[in-house]
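Asks: Any chance you can model this:
(chains A and B)
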Amino acid sequence: MLESLLEFLIQGVVLGGLYALFAVGLSLIFGVLDVINVAHGEFFAIGGYLAFTAVVLLHLPGAMGIVGAAVGTFLLGLCVYPLLIAPLKRRLGGRPQGPLYLVLTLGLSTFLQSSLLAIAGGDYLRVPPQVSGVLDLGVTAVSSQRLLVLGVAALLLAALFVFLRFHPEGLAVRAVSQNPDAAQAMGINLPRVFALTLALGVALAGVGGALMAPLFNVYPAVGFPLTIKAFAITILGGMGNPAGALVASFVISIAESLSVMVMPSQWQNLIAFAVMIVMLLLRPRGLLGRAVSR
Amino acid sequence: MLELEGVRSGYGKLEILQSASLRVPDGAIIGIIGPNGAGKSTLLKTAFGYLPPFAGRVTLDGRDIAGRRPDEIMRLGVGYLAQAGGLFAEMTVHDNLVLGGYTVSRAEKRRAIDHVYSRFPLFRDRRRQLAGALSGGEQRLLAIARALIVRPRLLLLDEPSAALAPRFIDEVYATLVALNRDGIALLIVEQNVETILAVAHRVFVLDLGRNAFDGTPPELRASDSIRRLYLGEDAA
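Replies: Reported below is the predicted structural model:
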């Protein structure tokens, strides 16, 4: 019993790394831009395709697949604000825009999925692992690829939080999330911060896609279920609070992993949404509230 | 320095300023007073780029700045203090000051923050405290100190005395007058008429989005109609 508990706990922590990589970016984007990015999962898929292109088609080392996914999705993400969100914002002026952004990013999601389908086809693509082997932890064995996902996620998220806390541009991101008007009075270029934040957020998802490509197959809609789950995670952590999303990612992944000890595994995916509904009913602000700014 | 000419502006399709003009010469203290809804704050927001003017001219040193973003206008040497100070309440006092120096070099920022700490030792002692935990008067002083880090030539202030206890109003205005002596021009929207009349070189009265008076404080006091309407006094 204890061995099973430890085994599922370890699997849950490893899965939490992927959830965090995905959900922290989604939460950061919402916290700063007030945009729920429904297309987040498509950047995860693009990261997978870029890794496939680098490793399988161009025969580059696995690490280049990860770097290529990060750079590619970052550059794509840089275009989203000036090409899509800013023009809509200009048209709408000061009116509330949340639902329209939702529809806009849903449109982007469909557009990107259809583009991937048109370019790469609907086949399930396999990417060789960036690292091979299995680490025997005694109670369980974890593939090195899964540990790589956790390690890279820990590294990137630590870098993100250090950036937000200490770097002048990170302070600017936090300032904009708290008081955009006052941030402009400090000389902060709002469109630039919005574009940068969106690019950073989707690049995290892109790296997640490249890291998970050897574990999942790559196909156009691979990221969409993750987007839906990330909504549950960000609601649990507090909408727009990246630190909350980080904590909630591990809460959900560990709860999902441990759930198979007490219920059939086909119920596993319901955990996140049950937690989301309970959270919305009891504490809609989430575990840590909304605060990129702190 | 700053000049607005026949400016019309507002929110969405709602026109608040219907035709407002004013001039802020180098080194002057200019006050804007008027009843609620007259368009005083709208005028400041239009001058600083938060609101694009529907019509009219906004120039700084003769250069057209209408329609420019606030961060661009800030980089031309203009500071803006919102009504409630515009601090980042959930960030520390120190981080607020660091953000105040966002556009200057690291060395210059450090020098300026050290200067703020020597001028306001209270902020050095409470540098790790959240800005939102300071009292109202302290927050207003911190907002002014933060705006000074980039050495602006002109500060736009929206009701710097609002919701402050009298002793803090005196402290805030003493600080503003000292800044003006150092050469910083001030354009101040104020509800507290006596306070602004005591320091301003020139006062504009706005009413229903239009200029209703433009003159020195003694000239304003000498105008029976203006005194009756805006100072709530009986004509002598």
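
Asks: avg pLDDT for stretch A:262-275?
Replies: Per-residue pLDDT over stretch A:262-275 has a mean of 82.

Asks: Output it as PDB, restricted to C-alpha atoms.
Replies: Extracted in PDB, the C-alpha atoms of stretch A:262-275 (Å, rounded to 0.1, in the frame of the first residue of the first chain):
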ATOM      1  CA  VAL A 262      -9.600   4.500  -4.800                       C
ATOM      2  CA  MET A 263     -11.500   4.800  -8.100                       C
ATOM      3  CA  PRO A 264     -11.400   3.400 -11.600                       C
ATOM      4  CA  SER A 265      -8.800   5.100 -13.800                       C
ATOM      5  CA  GLN A 266     -11.400   6.300 -16.300                       C
ATOM      6  CA  TRP A 267     -12.600   8.700 -13.600                       C
ATOM      7  CA  GLN A 268      -9.100  10.300 -13.300                       C
ATOM      8  CA  ASN A 269      -9.800  13.100 -15.800                       C
ATOM      9  CA  LEU A 270     -12.900  14.200 -13.800                       C
ATOM     10  CA  ILE A 271     -10.800  15.100 -10.800                       C
ATOM     11  CA  ALA A 272      -9.600  18.500 -12.100                       C
ATOM     12  CA  PHE A 273     -13.100  19.600 -13.200                       C
ATOM     13  CA  ALA A 274     -14.700  18.400  -9.900                       C
ATOM     14  CA  VAL A 275     -12.100  20.500  -8.100                       C
END
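
Asks: Buried residues, it. List them.
Replies: Neighbour counts over stretch A:262-275 (16 or more other C-beta atoms under 10 Å in any protein chain shown) mark A:271, A:272, A:275 as buried. For the C-beta atoms, the positions are set from N, CA and C on the backbone; glycine is no exception.

Asks: And for stretch B:108-126?
Replies: For stretch B:108-126, by 16+ other C-beta under 10 Å, it's B:109, B:112, B:113, B:116, B:117, B:120, B:123, B:126.

Asks: Counting only helices, which of the residues you listed make the cut?
Replies: Mapping those onto helices (DSSP state H) picks out B:109, B:112, B:113, B:116, B:117, B:123.

Asks: Can you give me every residue that contacts the first one?
Replies: With contacts defined as C-beta atoms under 8 Å, 6 or more residues apart in numbering or on different chains, the neighbours of residue B:109 are B:98, B:101, B:149.

Asks: Of the residues you listed, just say which sits nearest to chain A.
Replies: Distance to chain A, by C-beta to the nearest C-beta, is smallest for residue B:98 among the contacts of residue B:109, at 6.3 Å.

Asks: hang on, the earlier thing: quick one: mark the members of the contacts of residue B:109 that sit in helices.
Replies: residue B:98.

Asks: Adding distance to residue B:45, neighbour count and pLDDT, write the contacts of residue B:109 out as CSV.
Replies: What follows is these, written out as CSV (distance: C-beta to C-beta, whole Å; neighbours: other C-beta atoms under 10 Å in any protein chain shown; pLDDT from 0 to 100):
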residue, distance to residue B:45, neighbour count, pLDDT
B:98, 25, 22, 95
B:101, 24, 22, 93
B:149, 22, 25, 91
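
Asks: from the contacts of residue B:109, which are also near chain A?
Replies: residue B:98 (C-beta under 8 Å from any C-beta of the partner chain).

Asks: still on that earlier bit, also within reach of chain B: list those from the buried residues of stretch A:262-275.
Replies: Filtering the buried residues of stretch A:262-275 for proximity to chain B by C-beta under 8 Å from any C-beta leaves nothing.

Asks: would you turn the residues you listed into a markdown table with secondary structure?
Replies: Output for those, formatted as a markdown table (DSSP: H, G, I helix; E, B strand; the rest coil):
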| residue | secondary structure |
| --- | --- |
| A:271 | helix |
| A:272 | helix |
| A:275 | helix |
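
Asks: Out of those, which comes closest to chain B?
Replies: Of all these, residue A:275 has the smallest distance to chain B: 26.4 Å, by C-beta to the nearest C-beta.

Asks: what's near enough to touch the closest one?
Replies: For residue A:275, the contact set (C-beta under 8 Å, 6+ apart) comprises A:232, A:236, A:251, A:252, A:255.

Asks: quick one: contacts of stretch A:62-75?
Replies: Applying C-beta under 8 Å, 6+ apart, the external contacts of stretch A:62-75 come out as A:43, A:46-48, A:50-55, A:60, A:127-131, A:152, A:199-200, A:202-203, A:205-207, A:209-211, A:213.

Asks: List buried residues within those residues.
Replies: Looks like the contacts of stretch A:62-75 have A:43, A:46-48, A:50-55, A:127, A:129-130, A:152, A:199-200, A:202-203, A:205-207, A:209-211, A:213 buried, using 16+ other C-beta under 10 Å.

Asks: roughly how far apart are the nearest residue to residue A:126 once chain neighbours are set aside and chain B?
Replies: Nearest non-adjacent residue to residue A:126, counting by C-beta to C-beta, 6 or more residues apart in numbering or on different chains: residue A:217, 6.3 Å away. Distance, residue A:217 to chain B, by C-beta to the nearest C-beta, to the nearest Å: 43 Å.

Asks: Contacts only, for residue A:217.
Replies: A:124, A:125, A:126.

Asks: Check residue A:40 too.
Replies: Listed by C-beta under 8 Å, 6+ apart, the contact set of residue A:40 reads A:22, A:25, A:26, A:29, A:201, A:202, A:205, A:223, A:226, A:227, A:230.

Asks: Can you flag which of those belong to helices?
Replies: Residues of the contacts of residue A:40 located in helices (DSSP H): A:22, A:25, A:26, A:29, A:201, A:202, A:205, A:226, A:227, A:230.

Asks: closest to chain B among the contacts of residue A:275?
Replies: Nearest to chain B among the contacts of residue A:275, counting by C-beta to the nearest C-beta, is residue A:236 at 21.0 Å.

Asks: now the closest one, nearest residue through space, not along the chain?
Replies: Per C-beta to C-beta, 6+ apart, closest to residue A:236 is residue A:248, 3.9 Å.

Asks: Can you point out the helix or strand that includes the one you found?
Replies: helix A:242-259 (DSSP states H and E).

Asks: quick one: the residue nearest to residue A:55 when sequence neighbours are not counted from chain B, how far?
Replies: Residue nearest to residue A:55 in three dimensions, not counting chain neighbours: residue A:65, with 4.5 Å by C-beta to C-beta, 6+ apart. Applying C-beta to the nearest C-beta, the value for residue A:65 to chain B is 36 Å.
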